[in-house]
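Show me how the following folds:
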Amino acid sequence: MQGKPNNKPLSENPPAIRARLRRRAKPMARDVAMLADTIKPLDEWDFEELARGRPKDKHGGFMGASPKWVTPAVRSEAKRRLKAKALDTMGEHVSHAIAVLVDLMMSDDIDENTGKPLVDAKTRMAAATYIIDQVVGRARQGVDISADAGGFQAIIAGAMKVHNVEGEYVDAHPIVEGQWEEAEAT
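Numbers count the residues shown, from 1 in each chain. Presented below is the predicted three-dimensional model:
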């Protein structure tokens, strides 16, 4: 028996929100977002707060027990910021990486002891190919997916079974001598 619908506004008190989330089998997105924004908006959290799954206390520390679970909003914000920070950090070194590739590709230095090039042709070719692939894009390659006449079709025909009038499983479209047997038009 269901009770009357409760139209009272939901409490924004963090313990009340956590209690609602524990009572339900599936957390409501509204409650999860409400809990994340109760103390401090998520976009104001630093990396350490995101890693620990909770904001710092008023003294700038993390007193008390760690949270037993992290809300999906906190987890997604942590992933987004970590990816952005990693891309920023890598972006600072792109020009140096390109310079290394160009130096490898253009190197004509010879080893004084052996008389051979310091950078072999295979490495130079790999650097040149990588640069071209990144700037122009990789060349398209076709793939031939045809099969011999009987092999693939026989596998498909063998897998297609139907009940006949006697109740037995028979081929839905039998193959005769490697060729599809066409149904007679009536």
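
what about the most centrally placed residue in the chain, helix or strand, and which?
Nearest to the mean C-alpha position of the chain, by CA atoms, centre = their mean, lies Lys79 at 11.9 Å. Here Lys79, judged by DSSP states H and E, is contained in helix 72-91.

Pretty sure Val102 sits in a helix.
Yes. Counting by DSSP: H, G, I helix; E, B strand; the rest coil, Val102 is part of a helix.

how much space between it and Ser76?
Distance, Val102 to Ser76, by CB to CB, to the nearest Å: 39 Å. C-beta: built from backbone N, CA, C; applies to glycine.

repeat for Met90
21 Å.

One more: Leu118?
In terms of CB to CB, Leu118 sits 48 Å off from Ser76.

next one: Pro14
From Pro14 over to Ser76 the distance is 20 Å, taken as CB to CB.

okay, now Ala126: neighbour count?
14 (other CB atoms under 10 Å).

One more: Ala78?
Number of residues near Ala78 (other CB under 10 Å) recorded here: 19.

Kindly report the same for Leu104.
Leu104: 17 surrounding residues under other CB under 10 Å.
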